[in-house]
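1. sequence first, then the predicted structure, then my questions.
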Amino acid sequence: MPSIHISLQQRHLAWDNSLDPAVVVGPGDELTLDLADASGGQIDRHDDASAIARLDFSAVNPCTGPVFVEGLAPGDDLVVQILEIVTAEWAWTANIPGFGLLSDDFPNPHLWISTVRDGLITTPTGLEIPTRPMIGTIGVAPATFGPTPLLVPTTAGGNMDIPQLVAGSTLHLPAQVAGGLLSAGDTHAVQGDGEVCGTGAETPATVRLRVDVASPRRSSAPWYEHSVQRRETDWTCTTGIGSDLFQAARDATRRAVDIVATRTGLDAVDAYLLVSLTGELRVSEIVDAPNWVMSMHVPTRYMLG
């Protein structure tokens, strides 16, 4: 069965259940979607950090779609199999002032333009990171009337930035309206758990999906199945411990950035971007009141200098 193609021209800048479908498909159909990078083309491969100041944030995170799936009704799950993600040969990662987990530590704009080729991302610092292409934003239209922001994830999905939503994974989205109105965007060549600087390896991509309907739904929020295996076996881990999980996440991330910078000689902001691409931020313990434990796991290979 040939894929139904949806181009970059069929995209939108808000979730809205009143949008006309770009295409109507049936259960079992295969789709190919062209997805823009998170800047919507405002950053290109020849830019420097001055491009960040020019960003129009009303135009970021565009999504291709929406897709109306026949037979899908509120109370059903839209089942999305991710079959393939083909990225461009370059990606950008940025520290955007006022954005990111450690925004008060890093107030100045900073931009990496990396090459993506043969399964490797080569950063401007010379580090090579294995690719793990993923879809950052994917969801269905909410039941509420009127436009809602694309940047904020909800129980309808959206900008979830889950690194495990890769080729081979299956995502279940709870339909809020008839047909679901599926859209996607914000592809990354790689991203660590937490996306701590606020960006991954942002890149345009073409994704191939298969959609189906499951009734009744199994959960009131998105859930997914995956078998992602990381190539790294050795990890260096820092902790943040306290009664506030958000502050503990900041503490663990800050300590990882410090160790990466010390061991490698990278500037702190470059270490921050590296941790955003490769680190895995985890809740390690949340039962021993009054303090909880967050941990940031970074592959040791990136700390060897």
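-> Arrived safely. None of these values were measured; they are calculated from a predicted model.

2. does residue 222 touch residue 157 like I think?
-> Yes - taking contacts as CB atoms under 8 Å, residue 222 lies within contact range of residue 157: 4.9 Å. All C-beta atoms are positioned from the backbone trio N, CA, C, and that covers glycine.

3. overlap in contacts of those two?
-> Here residue 222 and residue 157 share the contacting residues 139, 171, 173, scored by CB atoms under 8 Å, 6 or more residues apart in numbering.

4. would you work out how far apart the start and end of stretch 160-179 are?
-> When the termini of stretch 160-179 are compared using CA to CA, to the nearest Å, they are 21 Å apart.

5. and for stretch 185-202?
-> So stretch 185-202: terminal residues 10 Å apart, CA to CA.

6. mind checking how far that stretch is from the chain centre?
-> Relative to its chain's centre, stretch 185-202 lies at 5 Å (CA atoms, centre = their mean, to the nearest Å).

7. quick one, which of residue 222 and residue 157 is more surrounded?
-> Between residue 222 and residue 157, counting by other CB atoms under 10 Å, residue 157 is the more crowded of the two (28 against 24).

8. next, count neighbours for the closest residue to the more buried one other than its chain neighbours.
-> With sequence-adjacent residues excluded and distances taken as CB to CB, 6 or more residues apart in numbering, residue 157 is closest to residue 139, at 2.7 Å. The tally of other residues near residue 139 (other CB under 10 Å) stands at 31.

9. I'd assumed residue 173 was in contact with residue 139.
-> Yes - judged on CB under 8 Å, residue 139 makes contact with residue 173 at a distance of 6.2 Å.

10. who touches both of the two?
-> By CB under 8 Å, 6+ apart, residue 139 and residue 173 have these common neighbours: 156, 157, 182, 222.

11. please name the bridge partners of the residue nearest to residue 157.
-> Beta-bridge pairing for residue 139 (DSSP bridges): residue 157, residue 183.

12. buried residues in the helix of greatest length in the chain?
-> Taking DSSP state H as the criterion, the chain has its longest helix at helix 245-264. Taking 16 or more other CB atoms under 10 Å as the basis for neighbour counts, the residues of helix 245-264 that come out buried are 248-257, 259-261, 264.

13. likewise stretch 295-302?
-> Applying a neighbour-count criterion of 16+ other CB under 10 Å, one finds 295, 296, 297, 298, 299, 301, 302 buried in stretch 295-302.

14. please identify the helix or strand for the fourth one.
-> It refers to residue 298. Here residue 298 sits within strand 292-299, counting by DSSP states H and E.

15. for that strand, packing partners?
-> Packed against strand 292-299 by the contact rule (3 or more CB pairs under 8 Å, 6 or more residues apart in numbering; DSSP states H and E) you find strand 235-242, helix 245-264, helix 268-278, strand 280-285.

16. and of the ones you listed, who's closest to residue 135?
-> Each of those was checked against residue 135 via CB to CB, and the shortest separation belongs to helix 268-278, namely 16.3 Å.

17. let me see the domain layout of the chain.
-> The chain breaks down into these domains under automatic domain parsing: 4-216, 235-303.

18. report the distance from stretch 29-36 to the chain centre.
-> Stretch 29-36 has its C-alpha centroid displaced from the chain centroid by 17 Å (CA atoms, centre = their mean).

19. that should have said stretch 260-280, apologies.
-> Averaging C-alpha coordinates over stretch 260-280 and over its chain gives two centres that are 19 Å apart (CA atoms, centre = their mean).

20. what residues of that stretch count as buried?
-> By 16+ other CB under 10 Å, the buried positions in stretch 260-280 come out as 260-261, 264, 266, 269-280.
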